[in-house]
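Peer 1: Kindly return the folded structure for what I paste below:
(chains A, B, C and D)
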Number of protein chains: 2
Amino acid sequence: MAGNLRFGQRIRDLREAKKAVDPTFSLRQFAQKVGISATFLSKIETGEFDPPRAEHIITMAALLEVDADELLALAGKTDPELDEIIKSEPRAMADLLRAARDRGFTAEDLERTIRYMKRKS
Amino acid sequence: MAGNLRFGQRIRDLREAKKAVDPTFSLRQFAQKVGISATFLSKIETGEFDPPRAEHIITMAALLEVDADELLALAGKTDPELDEIIKSEPRAMADLLRAARDRGFTAEDLERTIRYMKRKS
DNA sequence: GCTTGTGTGTAGTATTAACTGAACATGAAC
DNA sequence: GTTCATGTTCAGTTAATACTACACACAAGC
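Peer 2: Numbering: from 1, shown residues only, chains lettered A, B, ... in the order given. Reported below is the predicted structural model:
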């Protein structure tokens, strides 16, 4: 229950922006769409509670039409899908990530690597 | 508490093999080295309890002189270190993993990618 | 001035993961 | 034949995560 105002504030901002156009994005109705209680969402938006679990964050991103990875990163969580990908080839995926870290790869370097992968497949 | 006999059996086999050479690898003493109770280790080895948390699995691997990733994979867990790596560059690392999955990359393909990364850095 | 909808404060609960201590039965060592 | 170390069983605990219901205060609309 440490709280995370950066995440909460971002959700509130996005929700209010949507609400200006679509009144069904009130706190209560948005909470219902996401599948959590209004109480919980209120606490999250004010930074009193930690972000909800990844699944709910992904639902929020879809409803707010933003990229889920951005919100997950703000929440300090990782997409459970990534865990599944790692488990599908644990040794190799672990090596891949460690190689990227050891080389101090930036987002740009990683993009270049992805383009290389696409060429090779 | 679903239990995982494959993991437990592997730990028991490795431990017994070590114990044949080094008698300090009894269940009790090994549990102490790892930092868990003998009760817990017994349940784990017999498959009655789930594997312990990743940190303890990594300690076990070091003591038993096997690769931690092998044991973690058997336990169905991912090294928390990988989570940290992902969080250091969430969008890009997520894209990297998804690209690998979408292309159906095998361990071999991933090794080739790592070699590419080493050349480029 | 009552209803309706807004976000919020109080006071919790449910579930799960990750364990534990103490007592026990069995066999080996002396 | 008692001591000692082995692995196991019983009956729980602790801490964290992820929430919830209900009642409230406030403002807008009729």
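Peer 1: Just give me the longest helix of chain A.
Peer 2: helix A:5-21 (DSSP state H).
Peer 1: Show the low-confidence segments of chain A, by residue range.
Peer 2: When residues are selected by pLDDT under 70, those of chain A lie in A:1, A:121.
Peer 1: picking that back up, the next helix-or-strand element following the longest helix of chain A vs helix A:5-21, what angle?
Peer 2: Once helix A:5-21 ends, the next helix or strand along the chain (criterion: DSSP states H and E) is helix A:27-34. Using axes from the mean of the first three to the mean of the last three Cα atoms, to 10 degrees, the direction of helix A:27-34 lies 100 degrees away from that of helix A:5-21.
Peer 1: hang on, the earlier thing: buried ones in the longest helix of chain A, by neighbour count?
Peer 2: By 16 or more other Cβ atoms under 10 Å in any protein chain shown, the buried positions in helix A:5-21 come out as A:F7, A:G8, A:R10, A:I11, A:R12, A:L14, A:R15, A:K18, A:K19. Quick note: C-beta positions are derived from backbone N, CA and C, even for glycine.
Peer 1: That helix close to DNA strand D?
Peer 2: No. With Cβ under 7 Å from any atom of the strand as the criterion, DNA strand D is not reached by helix A:5-21; the gap is at least 12.0 Å.
Peer 1: Now do that helix: distance to the chain's middle.
Peer 2: Centroid separation for helix A:5-21 versus its chain: 14 Å, with Cα atoms, centre = their mean, to the nearest Å.
Peer 1: can you list contacts of it?
Peer 2: Contact partners of helix A:5-21, identified using Cβ atoms under 8 Å, 6 or more residues apart in numbering or on different chains, comprise A:25-27, A:30, A:44-47, A:51, A:60, A:64-66, A:71, A:74-75.
Peer 1: picking that back up, which member of the buried residues of helix A:5-21 is positioned nearest chain B?
Peer 2: A:F7 (13.1 Å; Cβ to the nearest Cβ).
Peer 1: What separation is there between that closest one and DNA strand C?
Peer 2: 14 Å (Cβ to the nearest atom of the strand, to the nearest Å).
Peer 1: With A:R112 instead?
Peer 2: Taking Cβ to the nearest atom of the strand, one finds A:R112 at 36 Å from DNA strand C.
Peer 1: Quick check: phi and psi on the residue lying closest to A:P52 once chain neighbours are set aside?
Peer 2: Nearest residue to A:P52 in three dimensions, chain neighbours excluded: A:I36, at 5.9 Å (Cβ to Cβ, 6 or more residues apart in numbering or on different chains). Note on A:I36: its backbone torsions stand at phi -130, psi 170 [degrees, to the nearest 10].
Peer 1: Can you report how many residues neighbour A:I36?
Peer 2: 17 (other Cβ atoms under 10 Å in any protein chain shown).
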